[in-house]
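# I would like the atomic coordinates for the input below:
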Amino acid sequence: MMKQTLKYWISILVVSLILTGCNQMPVRNPFAGRQEPKLGELPPVSAAKTKQTVKVAWSNGALGKQERFTKLVPLATAQTIFAADHTGKIVALDNQSGKKLWSSNTGKKFTAGPALMDKTLLLATSDAKVVAVDAANGHQLWEAKVSSEVLASPTGDKGIVLVHAIDGSVIALNGKTGEKLWQNEQSTPSLTLHYSSAPVIVDNLALVGFSSGKLLALNLHTGMTEWERTISLPKGRSELQRMVDISAEPIVSGDTVYVITYQGKLAAVNIPSGNLIWERDISSYQNMALDENHLFVTDNAHELWAIDRHTGATLWKQSTLATRYITGPEVVNGMVAVADRGGYVHFLSAKKGHIIDRFHLSGKIYQRPLAVGKELLINTNSGKVAVIKLSSQGSV
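Okay, the predicted model is just below:
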């Protein structure tokens with residue numbers, strides 16, 4: 001087993017160096033080709049279980065099978081859920097019933113999205129395009145070519161669409177026409193994760209995390225760099241050891257942005273100045289979650305952490321779910337929810353970290369659950385979109 005693993009990593013590095021020397025895009029996904037791991041046994045639910053009812057409000061198998069390494073995450077509004085798959089299908093579902101409102105088969109290979117700006121849905125493709133469609137009916141409004149493949153969801157605000165391409169470029173497009181407004185280019189390591197971090201717009205700043213381990217604040221209207229903060233510096237001799245990608249989306253709360261790197265650090269940064277508030281060693285490529293006092297992180301070992309958002313101190317750590325290969329966390333109804341590759345959704349106490357309940361859906365789950373009020377939106381690998389209805393009583 002060890003020899004096979006070593007051969008796999010060597011082959012990744014050799015191909016990457018060959019392609020880089022030919023001035024082509026390098027192999028960027030060190031996880032590709034890995035076999036599905038064998039899942040460990042389910043850990044017991046705590047005796048401190050709450051009086052909770054969990055049931056499927058509705059489910060809809062409207063999408064095709066999802067690719068593992070894409071960020072095609074459903075989007076929920078007060079009335080509608082929008083979702084897309086890798087084959088180019090987009091669907092709009094009624095938030096309360098799951099009934100299909102409309103669907104569109106574009107034939108494009110979507111890799112990220114959808115995002116919503118005003119009444120426009122934004123999606124990205126594997127052939128370096130950004131597609132805008134009317135959220136009311138799915139009709140395409142415009143399509144724009146960018147510098148390279150896009151693996152992070154586009155972001156839109158104030159009439160500007162931001163795209164973070166895998167070559168390190170951040171491109172701003174006119175939200176009505178798709179016309180390019182500006183482009184900021186950053187250097188990219190020869191080997192990176194097959195994920196990118198979506199820009200986050202705060203007032204007139206665009207906060208963007210890069211595969212170099214840097215967080216930049218760009219002027220939304222000009223693309224000029226307002227400040228730059230190195231979150232993690234590459235370490236080690238090999239390209240694999242030196243990977244410090246910011247793949248998770250930064251989380252903003254007030255004047256603070258929280259950002260985490262792969263094989264690096266978790267940090268809190270002051271947005272107006274770019275100054276570091278605190279940092280600590282912890283590694284992740286998955287999106288984090290935040291409540292009033294906690295920052296929740298699923299690390300590279302699939303262990304779940306609760307971090308004091310004000311100081312960076314560890315409040316608790318849950319390791320019993322690691323062999324279930326859990327997703328990133330979500331906060332819902334006073335609890336923390338994570339899903340696993342066996343189709344289980346686990347509910348943990350936000351205060352103490354013990355498992356207080358779980359629920360099973362058919363199909364593997366690679367994407368973290370999404371809170372929609374007191375309900376959870378789940379997207380399985382088979383293309384099923386489901387909403388889980390929760391009600392609980394008692395302390396968790």
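# I'd like to know how far the residue nearest to the spatial centre of the chain sits from V200.
Residue closest to the average C-alpha location in the chain (CA atoms, centre = their mean): N287, at 4.8 Å. In this view, N287 and V200 are 12 Å apart by CB to CB, to the nearest Å. (Each C-beta comes from the backbone N, C-alpha and C, glycine too.)
# what do the two both touch?
E249 (CB atoms under 8 Å, 6 or more residues apart in numbering).
# per-residue confidence for L361?
Note on L361: pLDDT of 88.
# what's the burial count for the residue lying closest to it once chain neighbours are set aside?
Spatially, and ignoring its direct neighbours in sequence, L361 is nearest to G343 (4.9 Å; CB to CB, 6 or more residues apart in numbering). By the criterion of other CB atoms under 10 Å, G343 has 18 neighbours.
# so G343 touches Y366, yeah?
No - taking CB atoms under 8 Å as the definition, G343 is not a contact partner of Y366, at 10.9 Å.
# ok, the residue nearest to H360 when sequence neighbours are not counted to V163 distance?
Nearest residue to H360 in three dimensions, chain neighbours excluded: Y344, at 5.3 Å (CB to CB, 6+ apart). Distance, Y344 to V163, by CB to CB: 35 Å.
# of the two, give the one with the bigger neighbour count.
Neighbour count, other CB under 10 Å: between Y344 and V163, V163 has more, with 29 against 18.
# quick one: secondary structure of that one?
The three-state label given to V163 by DSSP: H, G, I helix; E, B strand; the rest coil is strand.
# contact partners for it?
By CB under 8 Å, 6+ apart, the contact set of V163 is 124, 130, 146, 150, 152, 154-155, 170-173, 199.
# quickly list what it is bridged to.
I171 (DSSP bridges).
# mind listing the strands for the stretch 101-250 of the chain?
Taking DSSP state E, counting those that start in this stretch as the criterion, the stretch 101-250 of the chain carries its strands at 110-117, 120-125, 129-134, 140-145, 155-157, 160-164, 169-174, 180-185, 200-202, 205-209, 214-219, 225-230.
# export these to TSV and tack on mean pLDDT and distance to H194?
Converted to TSV, those look like this (pLDDT from 0 to 100; distance: least, CB to CB, whole Å):
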stretch	mean pLDDT	distance to H194
strand 110-117	94	10
strand 120-125	96	14
strand 129-134	97	18
strand 140-145	97	21
strand 155-157	95	20
strand 160-164	97	14
strand 169-174	97	17
strand 180-185	97	20
strand 200-202	97	21
strand 205-209	97	15
strand 214-219	97	19
strand 225-230	96	23
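# remind me which residues of this protein are low pLDDT?
1-35, 47-52, 67-70, 392-396 (pLDDT under 70).
# now do the end-to-end distance for stretch 177-193.
Terminal residues of stretch 177-193 are spaced 31 Å apart (CA to CA, to the nearest Å).
# what residues sit buried inside it?
Neighbour counts over stretch 177-193 (16 or more other CB atoms under 10 Å) mark 178, 181-182, 184, 186, 188-189, 191-193 as buried.
# could you dump the contacts of V163 to TSV with distance to N379?
Converted to TSV, the contacts of V163 look like this (distance: CB to CB, whole Å):
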residue	distance to N379
A124	17
V130	21
V146	25
V150	19
A152	17
P154	18
T155	20
V170	27
I171	27
A172	29
L173	26
P199	22
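# narrow those to those that are buried.
Using 16+ other CB under 10 Å, the buried members of those are 124, 130, 146, 150, 152, 154-155, 170-173, 199.
# of all the residues you listed, which comes closest to R237?
Lowest distance from R237 to the buried ones among the contacts of V163 (CB to CB) belongs to A152, with 28.9 Å.
# that closest one against K71, yeah?
Yes - A152 lies in contact with K71 (CB under 8 Å); the separation is 6.3 Å.
# which neighbours do these two have in common?
112, 195, 198.
# let me have the residues you listed in TSV, extended by distance to F359 and neighbour count.
TSV is the format used below for these (distance: CB to CB, whole Å; neighbours: other CB atoms under 10 Å):
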residue	distance to F359	neighbour count
A112	27	27
Y195	27	24
A198	28	26
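# ok, so of the residues you listed, who is nearest K265?
Y195 (17.4 Å).
# next, the contact list for that closest one, please.
Contacts of Y195 by CB under 8 Å, 6+ apart are 69, 71, 151-152, 245, 247, 285.
# re earlier: leaving out the residues flanking it, which one is nearest to the residue nearest to the centre of the chain?
Among residues not flanking N287 along the chain, G328 sits closest, at 4.5 Å (CB to CB, 6+ apart).
# show me what contacts the one you found?
Remark: with contacts taken as CB under 8 Å, 6+ apart, G328 is in contact with 248, 284, 286-289, 298, 338, 368.
# ok, the residues you listed vs G236, which is closest?
Of the contacts of G328, the one sitting nearest to G236 (CB to CB) turns out to be S284, at 18.1 Å.
# my guess is the closest one contacts E303, does it?
No - with contact defined as CB under 8 Å, S284 does not reach E303; the gap is 9.9 Å.
# which of those two has more neighbours?
Ranked by neighbour count (other CB under 10 Å), S284 and E303 place S284 first, with 23 against 17.
# what sits against the more buried one?
Residues in contact with S284, defined by CB under 8 Å, 6+ apart, are 248, 260, 262, 266, 297-300, 328.
# can you do 10 Å?
247-248, 260-264, 266, 297-303, 305, 328 (CB atoms under 10 Å, 6 or more residues apart in numbering).
# now A165, nearest residue through space, not along the chain?
A165 sits nearest to S148 (CB to CB, 6+ apart), 4.5 Å away.
# so what's the residue count around that neighbour?
15.
# what sits closest to V208 if chain neighbours are left out?
P199 (4.7 Å).
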